[in-house]
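Trainee: What shape does this take:
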Amino acid sequence: MARSMSLLRGIALVGAAGLALSACASDGGETGTGDATTTTTAPAAAKCPNNEPPPAKGNGALKLGTLLPQTGSLAFLGPPEFAGVDLAVQEINQAGGVLGKDVEVVHSDSGDAQTPVASASVDRLFSNDVDTIIGAASSGVSLSVIDKITGAGVVHFSPANTSDELSDYCDKGLYFRTAPPDVLQGRVLAELVASDGAQVVSILALQDSYGTGLANQTEKNLLASNVQVPEKIIYDPKAPTFATEVSKAKAANPDAVVLIGFDETKKMVPELVKQGIGPNDLPVYFVDGNLADYSKDFPKGTLGPSVKGTLPGATAPDAFQDRLLKVNPKLTEFSYSAESYDSAILTALGAVAADSDAGPDIAAELVGVSRDGTECSGFAECKQLLEKGEDIDYQGASGPVDFLPNGDPSTAYIGIYQYKNDNTFKFLESRRGEITG
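Mentor: Here you go, the predicted model:
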């Protein structure tokens, strides 16, 4: 199914207690219903006049490349993402592979947006004749290489990008993601902060497309909930100290702080504590970029129950985690593992449906295999249906997916987590949002 970029999109969020979402507790039960809508407009044809994918030919063997963090500020997300892809490839090949051949995967490092690592990795993946590149985790990294990848006729498929900027990017119909855009996380985060009783909030956010975009969405939704945001501080994540930024946040006299960051959180939290607006003084909220295990970084009790965080995507079910642990027994984080797995499975199903491993051919089938057909889960089951000539609706490990024509998932979950005194976090609930075109 070819993709149209002249898409009028809206966000219909189904919710509990005015949250405009449906909530799923850790036992999987759902609670409450309600409705709200936010609309956005995809790029007009005038913005993307030459948006057709370049010609590309396959060689009859599907090869995946990964562009995921082995180094840099999101390196903690690398292991579960790599494991998700490896598990998918293992299961694909156990089911007979694609086009009669085993699927191969070549791994590479994405680094950070401020380094040349990603571009060099993409060159290496090109030299290995990959058909799809899965990554990056960072929206900023993806934005730095998306033109290079899609311009070569290769599918660019991220399991973790959330920047709204990518929703209407001129991507030649070759960019997809299994993580929802920040318009959804920003709404859930704001509703969480408001429902916890905050009246005045300071937002600290790193300066990149992800940080500023999520900060803007969070601020907009907080204001809509009648919560004041007197200070939204955008900071340089490479700064040697954050004393000035924290001082500005404190000057607003907040009763809650939202921290949208990456690895620099390890330096930001001690400064919050030092200036009296840390987790032991008032509620602090993290997001997917800094929701991590800090048990080796902070003294016990530094974080704790007053710190909550949001993470796009469904929490990985226990059975799925067990399968991942067989691939990598050292895993302690599972963030974006299901989204990475789904990225690889969907790519393979797209190739089966297209009877081709060429990037543009795969991309043309991704919307079709993700929705509006016979529901199936797992590569083996879905492949059998495709080979019988049936239209399929892949039900992923991360959720239904159901791609919109612009490559965004039309249904997604945002998980809500809470820290414990040992500076690790536990799952509280998921809230589901539906994005409709």
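
Trainee: Three-state assignment for residue 431, please.
Mentor: At residue 431 the chain is in strand, as set by DSSP: H, G, I helix; E, B strand; the rest coil.

Trainee: gap between it and residue 311?
Mentor: Note on residue 431: its distance to residue 311, by CB to CB, to the nearest Å, is 11 Å. (Glycine included, C-beta is placed from N, CA and C.)

Trainee: anything in contact with each of these two?
Mentor: Listed as contacting both residue 431 and residue 311 by CB atoms under 8 Å, 6 or more residues apart in numbering are residue 414.

Trainee: Find the nearest non-adjacent residue to residue 395, please.
Mentor: Sequence neighbours aside, residue 377 is the residue nearest to residue 395 in space, at 4.4 Å (criterion: CB to CB, 6 or more residues apart in numbering).

Trainee: OK, contacts around the one you found?
Mentor: Residue 377 sits in contact with 394, 395, 396, where contact means CB under 8 Å, 6+ apart.

Trainee: Which one (most neighbours) among those residues?
Mentor: residue 394 (27 neighbours; other CB atoms under 10 Å).

Trainee: residue boundaries of the helices in the stretch 301-437 of the chain?
Mentor: 318-327, 337-354, 359-370, 379-387 (DSSP state H, counting those that start in this stretch).

Trainee: just those: most buried one?
Mentor: helix 337-354 (a mean of 28; mean count of other CB atoms under 10 Å).

Trainee: so what does that helix touch, helix or strand wise?
Mentor: Helices and strands touching helix 337-354, by 3 or more CB pairs under 8 Å, 6 or more residues apart in numbering; DSSP states H and E, are helix 78-94, strand 132-135, strand 155-158, helix 318-327, helix 359-370, helix 379-387, strand 392-394.

Trainee: looking at the ones you listed, which is closest to residue 53?
Mentor: Closest to residue 53 of the helices and strands packed on helix 337-354, according to CB to CB: helix 359-370, at 3.9 Å.

Trainee: Residue 382 contacts residue 375, doesn't it?
Mentor: No: look at residue 382 against residue 375 with CB atoms under 8 Å: they stay out of range, at 9.4 Å.

Trainee: what do those two both touch?
Mentor: residue 392.

Trainee: Low-confidence ranges, the chain, go.
Mentor: Along the chain, segments meeting pLDDT under 70 span 1-46, 436-437.

Trainee: For residue 370, see how far away residue 166 is.
Mentor: Counting by CB to CB - residue 166 and residue 370 are separated by 17 Å.

Trainee: Then residue 434?
Mentor: Taking CB to CB, one finds residue 434 at 14 Å from residue 370.

Trainee: you'd agree residue 105 is in a helix?
Mentor: No: counting by three-state DSSP, residue 105 is located in no helix; its state is strand.

Trainee: doesn't residue 87 make contact with it?
Mentor: No: the criterion here is CB under 8 Å, and residue 105 misses it with residue 87 at 10.9 Å.

Trainee: and those two? which has more neighbours close in?
Mentor: residue 87 (24 against 21).

Trainee: pretty sure the more buried one is touching residue 325, no?
Mentor: No: here residue 87 does not reach residue 325: they are 9.9 Å apart, not a contact under CB under 8 Å.

Trainee: Need the overlap of contacts for those two.
Mentor: By CB under 8 Å, 6+ apart, no residue touches both residue 87 and residue 325.

Trainee: Next up, the contacts around the spatially most central residue of the chain.
Mentor: Closest to where the C-alpha atoms of the chain average out (CA atoms, centre = their mean) is residue 160, at 2.6 Å. Neighbour list for residue 160: 77, 81, 136, 137, 138, 177, 179, 288, 312, 336, 339, 340 [criterion: CB under 8 Å, 6+ apart].

Trainee: And stretch 218-236, what's buried?
Mentor: Under the neighbour-count criterion of 16 or more other CB atoms under 10 Å, stretch 218-236 has 218, 219, 220, 221, 222, 227, 229, 231, 232, 233, 234, 235 buried.

Trainee: My read is that residue 62 contacts residue 129, right?
Mentor: No: assessed by CB under 8 Å, residue 62 is found out of contact with residue 129, at 10.6 Å.

Trainee: The two - which one has more neighbours?
Mentor: residue 62 (29 against 15).

Trainee: Need phi/psi at that one.
Mentor: phi -70, psi 130 (degrees, to the nearest 10).

Trainee: Quickly list the domain ranges of this structure.
Mentor: Using automatic domain parsing, the domain parsing of the chain gives 63-179+316-406, 183-312+416-436.

Trainee: Could you dump those domains into CSV with distance to residue 49 added?
Mentor: Output for the domains of the chain, formatted as CSV (distance: least, CB to CB, whole Å):
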stretch, distance to residue 49
domain 63-179+316-406, 9
domain 183-312+416-436, 23
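
Trainee: for the ones you listed, which one sits closest to residue 52?
Mentor: With CB to CB as the yardstick, what comes closest out of those is domain 63-179+316-406 (6.5 Å).

Trainee: Just the terminal-to-terminal distance for that closest one.
Mentor: Using CA to CA, to the nearest Å, the end-to-end distance of domain 63-179+316-406 comes to 24 Å.

Trainee: and the residue nearest to residue 260 when sequence neighbours are not counted, bridged to which residues?
Mentor: In space, residue 260 comes closest to residue 205 once its chain neighbours are excluded; the distance is 3.9 Å by CB to CB, 6+ apart. Beta-bridge pairing of residue 205 under DSSP bridges involves residue 234, residue 260.
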